[in-house]
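Participant: no FASTA, just this:
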């Protein structure tokens, strides 16, 4: 037994040796949870004589499952026979073997998101794919919550028509005999509930069930777990309530918070020794996440005492932020005790993908190698290329490539045949595509001709308005008038893809150029030059990592720079619910605990928003950092503003609305405007200069 326990700390040993009652391993960041769960698998087989075939281990990614299998088998070869799968893979395994009990063919096909939209399109041909995309995503979310078309769907959608879409989709999917990803969890639950003998057989086979990353489980996955466990099962889950950051994907942090209530007799083991970060970084991270109410509680510690003091830099603007990061990379801005960290061990973190643009542009021009993790480079993103194609065509109406991209996106009813008939007139119009469109209207079918007329109206309106506003305003108007704003906003609503923010960042980029045709051409030229300078990921040199906070989960770096710590950006929305706000704080905690040796944080006094300079305030998370936990550089933004008491987080009272909290503040001309969320749930905007808002004490 000693060989299995070698190198494990006391709490890790306790988790490995535990048996009998349900076990919740609360594993803090960098506490060696993967080692614990793989050692436990080997220990169960070799020391307790548990048959490998009776162990089921589930996690959330194929990569994690493969790593778990490899590490366990390296310690105990028989572990190769343990069933280690993702939740969805296990659900598919169950359905393949019992499909006949659900009137499904064993060779059923699994539909992905695109397949689901195609099925909805076949059922509702009067609706476009873009209109049906959010409906497909809501159906998927309903299944994550274990809801059928007959259940109360208000938490998923307030649209009374949604239940009808969902019911028709389900009926057709059952007729076809296929399954979507949600069915891989929901239908196994249905199978087990309707067939007690199957449930008993599976419970008898899988006597031990281990779940990794339990904080990421959703409602349906929890329900499946309940069906697989009985009083004689040994259930062990590993997770960290402080790292539950995927609520937008359906993850339910309450699964881990209420685990002991769901499984009486649960023993809790906390893994609090961190093997990654210095104590200076861990103390800061722990002090911030301690403000959350919905947590089981733990305090990370490390044997790596001391370490460089984390830096909190108050900067003037986003351009200053980029220069500061470049200074850190060069060593000019590094804190004492953290010298010698390479670019390859440095990550710059941000809340939204759009924030990468300024870093990409500056790094390309300065010759700093970088890599983008988890997404495309800014100018390679679909929504950005769509908008740039519109601008290219407006700058050069002979640009056939851009015309082909924009003429039917969003879908207008102008298919490939219609486009071919339009372009057939180019010879007659000497390459002028707009004139070819006008000529082709008379020969196109009525629907296509009408759609083409609408397209030409957009082109004419934009051409007429050009030069009457700033270039940023024109780009914003183009994005709106073309339909791209609405189209990509729908994508954001259902997928959290942040495409609209990327389009808004394109507007910000345009604000640096004059409102003329020459300015537009210079802007497009700068885009092309930046795109052509993009360095290759296999250039062999060290590259600084540009990455969103969400994508850092599971990663670590010697040096981390967390940018954009301002209200409205992080946390993102001023109208966040308490649950949303706690998840944002957990996201900050995840970002902080990625750092091994060096940590920098930046907060800007102003940023470009919709092409205009907006005054900002430090994130409320910054205000939660103990003063003695960081080295302060620069002056807080609030110290440069009029101290009128209406900063975000301040409590106020209004005679008609009652008590509320200021959640956002901005300037309109010479006037200060504040957005207040009242205890009734209502929000309202006020100009304090003209509206009496009484300051009151309270906590946000």
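Facilitator: Happy to help now that I have it. All figures in this text were calculated on a predicted structure; none of them were measured in a lab.
Participant: can you classify residue 238 as helix, strand or coil?
Facilitator: strand (DSSP: H, G, I helix; E, B strand; the rest coil).
Participant: give me the nearest residue to it, chain neighbours excluded.
Facilitator: Leaving out its chain neighbours, the residue that sits closest to residue 238 by Cβ to Cβ, 6 or more residues apart in numbering is residue 25, at 4.4 Å. For every residue, glycine as well, the C-beta is placed using N, CA and C.
Participant: poorly predicted segments of the stretch 601-700 of the chain, please.
Facilitator: Residue ranges of the stretch 601-700 of the chain with pLDDT under 70: 637-644, 667-671, 697-700.
Participant: could you rerun that using 80?
Facilitator: Residue ranges of the stretch 601-700 of the chain with pLDDT under 80: 610, 635-645, 647-649, 656, 664-672, 679-681, 689-692, 695-700.
Participant: strands of that one, start to end?
Facilitator: Using DSSP state E, counting those that start in this stretch, the strands found in the stretch 601-700 of the chain span residues 606-609, 612-615, 631-633, 651-654, 658-668, 671-678, 683-686, 694-696.
Participant: output those strands as CSV; include the columns mean neighbour count and distance to residue 147.
Facilitator: Output for the strands of the stretch 601-700 of the chain, formatted as CSV (neighbours: other Cβ atoms under 10 Å; distance: least, Cβ to Cβ, whole Å):
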stretch, mean neighbour count, distance to residue 147
strand 606-609, 20, 37
strand 612-615, 15, 40
strand 631-633, 13, 49
strand 651-654, 18, 37
strand 658-668, 18, 31
strand 671-678, 19, 29
strand 683-686, 15, 29
strand 694-696, 12, 41
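Participant: what would those look like in JSON lines with distance to residue 406?
Facilitator: Output for those, formatted as JSON lines (distance: least, Cβ to Cβ, whole Å):
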{"stretch": "strand 606-609", "distance to residue 406": "25"}
{"stretch": "strand 612-615", "distance to residue 406": "26"}
{"stretch": "strand 631-633", "distance to residue 406": "45"}
{"stretch": "strand 651-654", "distance to residue 406": "47"}
{"stretch": "strand 658-668", "distance to residue 406": "33"}
{"stretch": "strand 671-678", "distance to residue 406": "36"}
{"stretch": "strand 683-686", "distance to residue 406": "36"}
{"stretch": "strand 694-696", "distance to residue 406": "51"}
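Participant: these: which one's closest to residue 287?
Facilitator: Closest approach to residue 287 among the strands of the stretch 601-700 of the chain (Cβ to Cβ): strand 631-633, 15.4 Å.
Participant: against which helices or strands is that closest one packed?
Facilitator: Here strand 631-633 touches strand 311-315, going by 3 or more Cβ pairs under 8 Å, 6 or more residues apart in numbering; DSSP states H and E.
Participant: what's around residue 196, how many residues?
Facilitator: 9 (other Cβ atoms under 10 Å).
Participant: same question for residue 690.
Facilitator: Residue 690 has 7 neighbours, counted by other Cβ under 10 Å.
Participant: tell me who's in contact with it.
Facilitator: Applying Cβ atoms under 8 Å, 6 or more residues apart in numbering to residue 690 gives no contacts.
Participant: phi and psi next, for it.
Facilitator: phi -110, psi -10 (degrees, to the nearest 10).
Participant: from residue 677, how far out is it?
Facilitator: 20 Å (Cβ to Cβ, to the nearest Å).
Participant: what of residue 123?
Facilitator: Counting by Cβ to Cβ - residue 123 and residue 677 are separated by 40 Å.
Participant: over to residue 347?
Facilitator: Distance, residue 347 to residue 677, by Cβ to Cβ: 34 Å.
Participant: what about the residue lying farthest from the centre of the chain, helix or strand, and which?
Facilitator: Computed with Cα atoms, centre = their mean, the residue of the chain farthest from its C-alpha average is residue 428, at 49.7 Å. Under the criterion DSSP states H and E, no helix or strand holds residue 428.
Participant: right, and it touches residue 439 too?
Facilitator: Yes. In this structure residue 428 lies within contact range of residue 439 using Cβ atoms under 8 Å: 6.6 Å.
Participant: ok, and for the helix or strand encompassing residue 460, which residues are buried?
Facilitator: According to DSSP H and E, residue 460 maps onto helix 446-465. Across helix 446-465, burial judged by 16 or more other Cβ atoms under 10 Å covers 448-449, 451-452, 455, 458-459, 462.
Participant: state the distance from the residue nearest in space to the middle of the chain to residue 310.
Facilitator: In the chain, the residue lying closest to the centroid (Cα atoms, centre = their mean) is residue 550, at 5.6 Å. Note on residue 550: its distance to residue 310, by Cβ to Cβ, is 21 Å.
Participant: start to end distance for stretch 501-520?
Facilitator: Across stretch 501-520, the terminal residues are separated by 21 Å (Cα to Cα, to the nearest Å).
Participant: now do stretch 405-413
Facilitator: By Cα to Cα, the extent of stretch 405-413 from end to end equals 14 Å.
Participant: about what we covered before: give me every residue that touches the residue nearest to the residue nearest to the centre of the chain when sequence neighbours are not counted.
Facilitator: Using Cβ to Cβ, 6+ apart and skipping the chain neighbours, the partner closest in space to residue 550 is residue 245 (6.2 Å). If you count contacts by Cβ under 8 Å, 6+ apart, residue 245 has them with 251, 549-550, 553, 583, 586-587, 590.
Participant: residue 79: neighbour count?
Facilitator: By the measure other Cβ under 10 Å, the count of residues near residue 79 is 24.
Participant: and residue 600, that's in a strand?
Facilitator: Yes. Under three-state DSSP, residue 600 sits within a strand.
Participant: can you give me the neighbour number for it?
Facilitator: 27.
Participant: and the helix or strand harbouring residue 518, what does it pack against?
Facilitator: Element membership for residue 518 (DSSP H and E) is helix 517-533. Counting by 3+ Cβ pairs under 8 Å, 6+ apart, the packing neighbours recorded for helix 517-533 are helix 356-366, helix 382-395, helix 471-481, helix 499-510.
Participant: out of these, flag the one nearest residue 278.
Facilitator: With Cβ to Cβ, the closest approach to residue 278 among the helices and strands packed on helix 517-533 belongs to helix 356-366: 25.6 Å.
Participant: and stretch 627-639, how far from the chain's centre?
Facilitator: Centroid displacement of stretch 627-639 relative to its chain, using Cα atoms, centre = their mean, to the nearest Å, is 29 Å.
Participant: going forward, begin numbering at 335 instead of 1
Facilitator: Done: numbering now begins at 335, and the last item shifts to stretch 961-973.
Participant: hmm, who's touching it?
Facilitator: 614, 617-618, 621, 643-649, 669, 900, 935, 937-940, 949-952, 981.
Participant: repeat that for 6 Å
Facilitator: Stretch 961-973 has contacts (Cβ atoms under 6 Å, 6 or more residues apart in numbering) with 617-618, 643-649, 939, 951-952, 981.
Participant: cool, and stretch 474-490?
Facilitator: So stretch 474-490 is in contact with 472, 496-497, 500-501, 504, 516, 520, 552-554, 557, 584, going by Cβ under 6 Å, 6+ apart.
Participant: rerun at 7 Å
Facilitator: Identification of contacts with stretch 474-490 by Cβ atoms under 7 Å, 6 or more residues apart in numbering yields 472, 496-497, 500-501, 504, 515-517, 520, 552-554, 557, 584.
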